[in-house]
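Asks: What follows is a predicted structure for the sequence shown.
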Amino acid sequence: MKYSLSILVLVTIAFSLTAELHEQYRVGPDSELEISNINGDITITGIEGNDIIIDIVKRTKKDHAELDKVTIDITSGETFEVKTRYLEDNADVSVDLDLQVPYYIKEAFIENVNGKIDIEGITADLHIENANGDVNVIEVNGIVTVELANGDIRIEGDVIINDIELANGTINAEVRGITEDGAQFELANGTMKIFILESINADIEASIVMGNLKVHDLPIEYTEEKANSIKGKLNEGGPLIEIEAATGNIYLYRLKD
């Protein structure tokens, strides 16, 4: 249910025209979130209460008619959906989506093409897909899957990682817990820095085709140790943490309790 809507505001700043929209919706417990954007940033932050507050900024270096070539569809219900639609293929418009959502969102599906994705302070399982732009997931209580083509991935806090796939860029991730299915990291070109909690029970396999593989102060009991691959376990062993890269670097670090 939407119960508050601000007026659309047009502003000209630094030779660019913007249209800003502010809306507020009441959502129920265990709602799902679906966000689909094309050009622009997505920011999601957890807040107290039962409302989703969304701020939308459309930008163009052309005129007002250009802004009208892009619309944002919002559907409120069991699934709260925000979708950016380009009415013309050549529309020179970017759209930034800033959402404040209740902490208890059950599950979130986030898609973008060009732009960064920042998510912080919610309780939700996350499914993130992005083509170009950084992805930052901070203090999210849930299981996270990220698929990114070009950019950097940063994951910090009590996040349970399921699957991280990156083509080109860097991965900086903390592994504080894993499910029975384990955790997978895949990188084509770039650097991975994985910080693994020293007290968890897990099996670990890491390999790289061309580049460096180094373990820094992580107490692994090895069953195999080669220049470009390792196998072993932490503590009693358990679900598998699998780390693979084609070209670049893999660095594993101990994360203290």
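Replies: Yep, it's here. Numbering: from 1, shown residues only.
Asks: if I look at residue 127, how far off is residue 48?
Replies: According to CB to CB, to the nearest Å, residue 127 and residue 48 sit 25 Å apart. Backbone N, C-alpha and C define where each C-beta goes, glycine included.
Asks: try residue 243
Replies: 37 Å.
Asks: Please apply the same query to residue 100.
Replies: Distance, residue 100 to residue 48, using CB to CB: 10 Å.
Asks: more crowded one of those two?
Replies: Neighbour comparison, residue 100 and residue 48: the larger count goes to residue 100, with 19 against 8 (by other CB atoms under 10 Å).
Asks: before we move on, which element is the more buried one in?
Replies: Residue 100 belongs to strand 94-102 when assigned by DSSP states H and E.
Asks: Need the contact partners of that strand.
Replies: With contacts defined as CB atoms under 8 Å, 6 or more residues apart in numbering, strand 94-102 is touched by 27, 31, 33, 35, 37-60, 70, 72, 80, 82, 84, 115, 122.
Asks: Name every strand pairing with it and say which way it goes.
Replies: strand 42-47 (parallel), strand 51-60 (antiparallel) (DSSP bridges).
Asks: pull the CA atoms of the last one into PDB?
Replies: The reference is to strand 51-60. This file holds the C-alpha atoms of strand 51-60, laid out as PDB (Å, rounded to 0.1, in the frame of the first residue of the first chain):
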ATOM      1  CA  ASP A  51       7.800   0.800   5.300                       C
ATOM      2  CA  ILE A  52       9.800   0.900   2.100                       C
ATOM      3  CA  ILE A  53      11.100   4.400   1.300                       C
ATOM      4  CA  ILE A  54      12.300   4.800  -2.200                       C
ATOM      5  CA  ASP A  55      14.100   7.700  -3.800                       C
ATOM      6  CA  ILE A  56      14.500   7.800  -7.500                       C
ATOM      7  CA  VAL A  57      16.800  10.100  -9.500                       C
ATOM      8  CA  LYS A  58      16.700  10.200 -13.300                       C
ATOM      9  CA  ARG A  59      19.600  12.000 -15.000                       C
ATOM     10  CA  THR A  60      20.300  13.100 -18.500                       C
END
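Asks: How far away from the center of its chain is that strand?
Replies: 19 Å (CA atoms, centre = their mean, to the nearest Å).
Asks: what does the shortest one give?
Replies: Put simply, strand 42-47 sits 11 Å off its chain's centre (CA atoms, centre = their mean).
Asks: what residues are up against the residue in the chain sticking out farthest from the centre?
Replies: The centre of the chain is farthest from one residue, residue 223, which by CA atoms, centre = their mean lies 33.5 Å away. Residues in contact with residue 223 (CB under 8 Å, 6+ apart) are 231-233.
Asks: How much space separates it from residue 243?
Replies: Taken as CB to CB, the span from residue 223 to residue 243 is 16 Å.
Asks: now swap in residue 196 and tell me
Replies: In this structure, residue 196 lies at 10 Å from residue 243, with CB to CB as the measure.
Asks: correct me, but residue 113 touches residue 41?
Replies: No - Residue 113 is beyond contact range of residue 41, at 11.7 Å (criterion: CB atoms under 8 Å).
Asks: Compare the two and say which is more crowded by neighbours.
Replies: Using other CB under 10 Å as the criterion, residue 113 and residue 41 rank with residue 41 on top: 19 against 16.
Asks: Quick check: the more buried one vs residue 110, distance?
Replies: As for residue 41, its distance to residue 110 is 12 Å (criterion: CB to CB).
Asks: Spit out the residues that contact those two alike.
Replies: Common neighbours of residue 41 and residue 110 (CB under 8 Å, 6+ apart) are residue 117.
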